[in-house]
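**Student:** Below is the sequence, then the predicted model.
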Amino acid sequence: QVHLVESGGGLVQAGGSLRLSCAASGRSLNNYALAWYRQAPGKERDFVAAITWNVDTTAYADSVKGRFTISRDNAKNTVYLQMNSLQPEDTAVYYCAAGVVAPYRLRVGLYDYWGQGTQVTVSS
């Protein structure tokens, strides 16, 4: 079992930045991938970014490439999502997820564990 707790959401003006954190606990994350998804009101949950725990493999949605950066701190069992140049369309609840996902399937893999989500609101 993997327990995930997100933090760092909030209200920011367009063009601003936020950094989300996801603290993982419960078991070793070896061979796991950690991902960020987001869900805007009335829309489906969409993939944002993911990173493997053991090797430096990352994946991003096209909509955030060049603006968002995912990283991890293995010693702290924490994954981060640095979000720059935020736009109103980035407004959503952001969820952290974990699963045994192959590096080449980060965008489409099955993530078994999910956090409770953190709200990000970008005002225009």
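**Tutor:** On my side now, so go ahead.
**Student:** Quick check, pLDDT for the residue sitting nearest the centre point of the chain.
**Tutor:** In the chain, the centroid-proximal residue (Cα atoms, centre = their mean) is W36; its distance is 2.1 Å. Per-residue confidence (pLDDT) for W36: 98.
**Student:** cool, and the one 10 residues further on?
**Tutor:** The pLDDT attached to D46 in the predicted structure is 97.
**Student:** Could you do M83 as well?
**Tutor:** So M83 comes in at 98 (pLDDT).
**Student:** where's it relative to G16, distance?
**Tutor:** According to Cβ to Cβ, to the nearest Å, M83 stands 9 Å off from G16. Using the backbone N, CA and C atoms, a C-beta is placed for each residue, glycine as well.
**Student:** Which of these two has more residues huddled nearby?
**Tutor:** Using other Cβ atoms under 10 Å as the criterion, M83 and G16 rank with M83 on top: 24 against 15.
**Student:** ok, that one touching I70?
**Tutor:** No: M83 is not in contact with I70 according to Cβ atoms under 8 Å; the separation is 10.0 Å.
**Student:** what about the nearest residue to the residue nearest to the centre of the chain once chain neighbours are set aside, helix or strand, and which?
**Tutor:** Excluding its sequence neighbours, the residue lying closest to W36 (Cβ to Cβ, 6 or more residues apart in numbering) is V48, at 4.3 Å. In this assignment (DSSP states H and E), V48 forms part of strand 45-52.
**Student:** what about that strand, distance to the chain center?
**Tutor:** How far strand 45-52 lies from its chain's middle: 6 Å, per Cα atoms, centre = their mean, to the nearest Å.
**Student:** Next, the buried residues of stretch 81-91.
**Tutor:** By 16 or more other Cβ atoms under 10 Å, the buried positions in stretch 81-91 come out as L81, M83, L86, D90, T91.
**Student:** Generate a markdown table for the residues you listed, with secondary structure and distance to A75 as supplementary columns.
**Tutor:** Putting these into a markdown table (DSSP: H, G, I helix; E, B strand; the rest coil; distance: Cβ to Cβ, whole Å) gives the following:
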| residue | secondary structure | distance to A75 |
| --- | --- | --- |
| L81 | strand | 18 |
| M83 | strand | 23 |
| L86 | coil | 28 |
| D90 | helix | 29 |
| T91 | coil | 32 |
